[in-house]
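Participant: Sequence plus the predicted model coming up.
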Amino acid sequence: MKIALMVIIGYLLGSIPSGVWIGKVFFKKDVRDFGSGNSGTTNTFRVLGKKAGIAVLLMDILKGTLATSLPLFFDSSINPLWIGLSAVMGHTFPLFAKFKGGKAVATSAGMLLGYNPLFFLFSATIFVITLLLTSMVSLASMISAVLITLSTIILPFVWPAILPEFNWLLTLIACGLTVFIFIRHKENIVRIKNGTENRVPFGLNKAKK
C-alpha cells in the first residue's frame with residue numbers, strides 16, 4: 001500500500017506542468033503554442049525568457065528530487081529510483097496537462113539528485129561540458145544520457161567515491177531513459193542532421209547574432 005501511494009504521489013508531483021502554469025499565470029501564454037510546442041525548460045527559455053526558464057528548470061528538477069526522497073518519509077525499503085521514475089513519467093505524460101509534457105531530462109536529473117548528489121554533480125558536469133562543446137541543448141542531452149549511462153557501469157570500479165557500488169537498477173533505468181530521451185528528441189535529430197537545430201548563444205558552436 002505504501003509503495004502504491006508513493007508511486008501515485010511521485011507521478012502527481014511529476015505531472016505538475018511547470019512551464020505551462022508559469023506561462024499562463026505570469027505571461028498569459030501557453031508555451032505549447034509556441035516554439036517547439038514542448039512545455040519543458042528549453043522551450044520555456046526561448047518563449048518566456050531566462051527568468052521563466054530558470055524557474056521551470058528548478059521546479060522540474062525538484063519534482064524528481066522530491067519523488068525520489070519519498071521513501072525516506074514513508075520508511076520504505078523500496079529502491080527510491082522506482083519512485084523517482086514515476087515522477088519522470090508524470091513529467092513526460094502529465095495528468096494536469098493532457099499528457100503532453102517535457103522530454104524527461106530535467107526531472108531525470110532531479111531523480112539523480114535525490115538518489116546520489118555526488119553522481120548528480122558528476123552528471124551535471126558532463127552535461128555542461130557537452131553543451132559548451134555543441135551549443136545545442138538537444139544534442140547535449142542525448143550525448144550526456146549515453147555518457148551518464150556508461151558512467152553507471154564504469155564509475156563503481158574507477159571512482160567509487162561517487163558510485164560506491166554497481167547498481168543494476170540505476171543502469172537499467174539509465175538505459176531506458178536514454179532510449180526514451182532519443183525518441184523524444186526525434187524531431188531534433190532531424191534538424192541536427194539538416195543543420196537547422198536551434199543553438200544557444202554560448203559555447204564553441206554558439207548561435208550567430
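Facilitator: Cool, the structure landed.

Participant: Would you map the helices across this protein?
Facilitator: Taking DSSP state H, the helices of the chain run over residues 2-14, 18-26, 41-48, 50-74, 80-92, 105-115, 117-134, 137-158, 168-184, 186-194.

Participant: Same list, these, but as TSV with mean neighbour count and mean pLDDT please.
Facilitator: Backbone N, C-alpha and C define where each C-beta goes, glycine included. Listed next are the helices of the chain as TSV, based on neighbours: other CB atoms under 10 Å; pLDDT from 0 to 100:
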stretch	mean neighbour count	mean pLDDT
helix 2-14	19	95
helix 18-26	20	94
helix 41-48	23	91
helix 50-74	20	95
helix 80-92	26	96
helix 105-115	27	97
helix 117-134	17	98
helix 137-158	19	97
helix 168-184	17	96
helix 186-194	13	96
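
Participant: got CSV for these, with distance to residue 208 too?
Facilitator: Shown next, in CSV, are these (distance: least, CB to CB, whole Å):
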stretch, distance to residue 208
helix 2-14, 36
helix 18-26, 27
helix 41-48, 16
helix 50-74, 19
helix 80-92, 32
helix 105-115, 25
helix 117-134, 15
helix 137-158, 17
helix 168-184, 27
helix 186-194, 16
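
Participant: Figure out which of these is closest to residue 203.
Facilitator: Evaluated with CB to CB, the helices of the chain place helix 117-134 nearest to residue 203, the distance being 4.4 Å.

Participant: Which other helices and strands does the closest one contact?
Facilitator: Under the contact criterion of 3 or more CB pairs under 8 Å, 6 or more residues apart in numbering; DSSP states H and E, helix 117-134 touches helix 105-115, helix 137-158.

Participant: Let's have these in a markdown table, adding distance to residue 202.
Facilitator: Shown next, in a markdown table, are those (distance: least, CB to CB, whole Å):
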| stretch | distance to residue 202 |
| --- | --- |
| helix 105-115 | 18 |
| helix 137-158 | 11 |
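
Participant: can you list the residues that contact stretch 146-153?
Facilitator: Identification of contacts with stretch 146-153 by CB atoms under 8 Å, 6 or more residues apart in numbering yields 119, 122-123, 126, 130, 163, 166-167, 170-171, 174-175, 178.

Participant: ditto for stretch 193-209
Facilitator: Residues contacting stretch 193-209 (CB under 8 Å, 6+ apart): 46, 131-139, 188, 191.

Participant: Was I right to think residue 42 contacts residue 137?
Facilitator: Yes. Residue 42 is in contact with residue 137 according to CB atoms under 8 Å; the separation is 4.8 Å.
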